[in-house]
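Chemist: only geometry, no sequence info:
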């Protein structure tokens, strides 16, 4: 028998991007996958974000009302105006911080505010933006975050929670919502046969902080030890980055990307089905990112039978279960990547155990679990009221 609720909770989510935005990423996927699963008899959800080219001002996606108004800055004023027009019917406002802030502390009552953050972005400012924007972003991040330290907060990993506690958030006010993956983990019998030659794979954006250059540098040296080793790069190509950053590394180690048997294969953007196939065939995923909310691609690779090597950084160590469910680098360096890659190739028994541990850990991450944790979070706020 379906549970009845006295009154729907009306929640307004604020974000700088939505699930259809051209540059949407993991944070937007997380939010949409969670809110679309919430009980419609219990919640009424509205998502508010800026307009983008070709976007509708309002639409329903998977039962969720999406409103788009203003640009990257004017959306703050638009969101405030929308809230003021509807504040009597809104129970909670979720201010989702992904470098962009809505500063809801200044226009939403304290008892209605919820702060949502996937990751801090300290290191990323220097790598992805030019002077002086990098300094402005880096040195204003902590003061701006402290505006929300008294608000009930949700995040996606213990690493981010620890970062928040270090700058003044109370640990009991920070709740972790587990990540989810978009497919059911494969049965072990469905894992694809591994490649005959040692094959490593990187899946993600061509961005400095993601560490694709370090993965290629490490592979170049591994190639000298194991001439048959191969590297697959999966993700939308960024030709300027390839020519300016990756090509010099290829030339340094005489790595080929042409012919029938290339050292490095640039797969480019592939379908979800193809991505999972490639990850299952590869021996190990390389993910030397400097910071993530959660290393979701690590969980996805594990769910199709492939362990990962990752840096000891926020969101990565969590996805590797502190080295219990994958190869966690002892230091974030190319040399340590090489050491772990050699472990994959040379220590076959350890590899089999790590592969199984990674798979078992991946079974914990599904969107239904995320939704259940959000339900309990809201229930806790209701008790406080």
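Modeler: In hand now; what should we look at? Given the structure is predicted, the values throughout are model-derived calculations rather than measurements.

Chemist: and stretch 355-364, which residues are buried?
Modeler: 355, 357, 358, 359, 361, 362 (16 or more other C-beta atoms under 10 Å). Where C-beta positions appear, they are placed from N, C-alpha and C, glycine not excepted.

Chemist: what sits opposite residue 11 in the beta ladder?
Modeler: residue 45, residue 92 (DSSP bridges).

Chemist: wait, doesn't it sit right on residue 91?
Modeler: Yes - between residue 11 and residue 91 there is a contact at 6.4 Å, judged by C-beta atoms under 8 Å.

Chemist: more neighbours, these two?
Modeler: Neighbours per residue, other C-beta atoms under 10 Å: of residue 11 and residue 91, the larger number sits with residue 11, 21 against 18.

Chemist: how close does the more buried one get to residue 77?
Modeler: Distance of residue 11 to residue 77, given as C-beta to C-beta, to the nearest Å: 21 Å.

Chemist: would you mind giving the buried residues of stretch 355-364 as a markdown table with secondary structure added?
Modeler: Shown next, in a markdown table, are the buried residues of stretch 355-364 (DSSP: H, G, I helix; E, B strand; the rest coil):
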| residue | secondary structure |
| --- | --- |
| 355 | helix |
| 357 | helix |
| 358 | helix |
| 359 | helix |
| 361 | helix |
| 362 | helix |
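
Chemist: which of those residues sits closest to residue 223?
Modeler: Nearest to residue 223 among the buried residues of stretch 355-364, counting by C-beta to C-beta, is residue 355 at 23.0 Å.

Chemist: name the nearest residue to the closest one, sequence neighbours excluded.
Modeler: residue 307 (5.0 Å; C-beta to C-beta, 6 or more residues apart in numbering).

Chemist: just confirm residue 286 is within a strand.
Modeler: Yes - the assignment for residue 286 is a strand, going by three-state DSSP.

Chemist: quick one: contacts for the nearest residue to residue 147 once chain neighbours are set aside?
Modeler: Among residues not flanking residue 147 along the chain, residue 105 sits closest, at 4.8 Å (C-beta to C-beta, 6+ apart). Applying C-beta atoms under 8 Å, 6 or more residues apart in numbering, we find residue 105 in contact with 113, 147, 148, 151.

Chemist: distance-wise, check residue 339 relative to residue 309.
Modeler: Residue 339 is 9 Å from residue 309, by C-beta to C-beta.

Chemist: buried residues in the lengthiest helix in the chain?
Modeler: Scanning the chain for the longest helix, with DSSP state H as the assignment, gives helix 367-384. Neighbour-count burial for helix 367-384, counted by 16+ other C-beta under 10 Å, picks out 367, 370, 371, 374, 377, 378, 381.

Chemist: likewise stretch 29-49?
Modeler: Result for stretch 29-49 [16+ other C-beta under 10 Å]: buried residues 29-38, 43-49.

Chemist: out of these, list just those in helices.
Modeler: Reading helices off those with DSSP H, I get 29, 30, 31, 32, 33, 34, 35.

Chemist: go through those residues and name the one nearest residue 181.
Modeler: residue 33 (9.4 Å).

Chemist: contacting residues for the closest one?
Modeler: Here residue 33 is in contact with 180, 182, 367, 370 (criterion: C-beta under 8 Å, 6+ apart).

Chemist: quick one, what contacts the second one?
Modeler: By C-beta under 8 Å, 6+ apart, the residues touching residue 182 are 29, 33, 272, 367.

Chemist: as a markdown table, those with pLDDT and distance to residue 320 would be great.
Modeler: Shown next, in a markdown table, are these (pLDDT from 0 to 100; distance: C-beta to C-beta, whole Å):
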| residue | pLDDT | distance to residue 320 |
| --- | --- | --- |
| 29 | 93 | 21 |
| 33 | 96 | 22 |
| 272 | 96 | 23 |
| 367 | 96 | 21 |
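
Chemist: which one of those residues is nearest residue 350?
Modeler: Out of the contacts of residue 182, the member with the shortest distance to residue 350 (by C-beta to C-beta) is residue 272, at 30.2 Å.

Chemist: ramachandran angles for the closest one?
Modeler: Dihedral angles of residue 272 (phi, psi; degrees, to the nearest 10) stand at phi -60, psi -40.
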